[in-house]
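[1] Okay, sequence plus prediction incoming.
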Amino acid sequence: MNISAFSAKELIKPEISYNNPVGISLLITSDDKLDRLRIFSVSGRKVFEKGLNTNSASVDLSTLPTGLYFIELTARNYIKIGKLLKE
């Protein structure tokens, strides 16, 4: 069997953005439906989780203490991980 060429469907990463630093509200937008938001302390402890099911959301983070966190946003088969500064 000789395979000379094949095509594979490339996974398309959705464009996901959020305001950073954040004060009271975290504003999230995506060109694909977002499934979940999770926020972790720098030590790796989960401090916030919210199910989404939308392309954009405003999430109240007023009870989250100021500091540096890691944010994880899930959209279908893609996960975006970044830093988040809470002022």
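    Arrived safely, thanks for sending.

[2] for the strand ranked longest in the chain, packing partners?
    Across the chain, the strand with the greatest residue count (assigned by DSSP state E) is strand 25-41. The contact analysis (3 or more C-beta pairs under 8 Å, 6 or more residues apart in numbering; DSSP states H and E) places strand 25-41 against strand 16-18, strand 46-60, strand 67-75, strand 78-86. Backbone N, C-alpha and C define where each C-beta goes, glycine included.

[3] Direction included, what does the longest one pair up with?
    Yep, that's strand 46-60 we're talking about. Sheet pairing for strand 46-60, assigned by DSSP bridges, gives strand 25-41 (antiparallel).

[4] and what of the third one?
    As defined by DSSP bridges, the strand partners of strand 67-75 come to strand 25-41 (antiparallel), strand 78-86 (antiparallel).

[5] buried residues in it?
    69-75 (16 or more other C-beta atoms under 10 Å).

[6] thinking again about what came up before, the helices and strands packed on strand 25-41: which one's closest to residue 27?
    Nearest to residue 27 among those is strand 46-60 (5.5 Å), distances taken as C-beta to C-beta.

[7] Would you state the predicted confidence (pLDDT) at the residue lying closest to residue 25 once chain neighbours are set aside?
    With sequence-adjacent residues excluded and distances taken as C-beta to C-beta, 6 or more residues apart in numbering, residue 25 is closest to residue 58, at 5.1 Å. Residue 58 is assigned a pLDDT of 95 by the prediction.

[8] thinking again about what came up before, redo the buried residues of strand 67-75 as CSV? Include distance to residue 35 and pLDDT.
    Listed next are the buried residues of strand 67-75 as CSV, based on distance: C-beta to C-beta, whole Å; pLDDT from 0 to 100:
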residue, distance to residue 35, pLDDT
69, 19, 97
70, 18, 97
71, 14, 96
72, 11, 96
73, 9, 94
74, 5, 93
75, 6, 88
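
[9] Could I get the contacting residues of the residue nearest the centre of the chain?
    Nearest residue to the geometric centre of the chain (C-alpha atoms, centre = their mean): residue 73, 1.8 Å. Counting by C-beta atoms under 8 Å, 6 or more residues apart in numbering, residue 73 touches 16, 18, 28, 30, 34, 36-37, 79-81.
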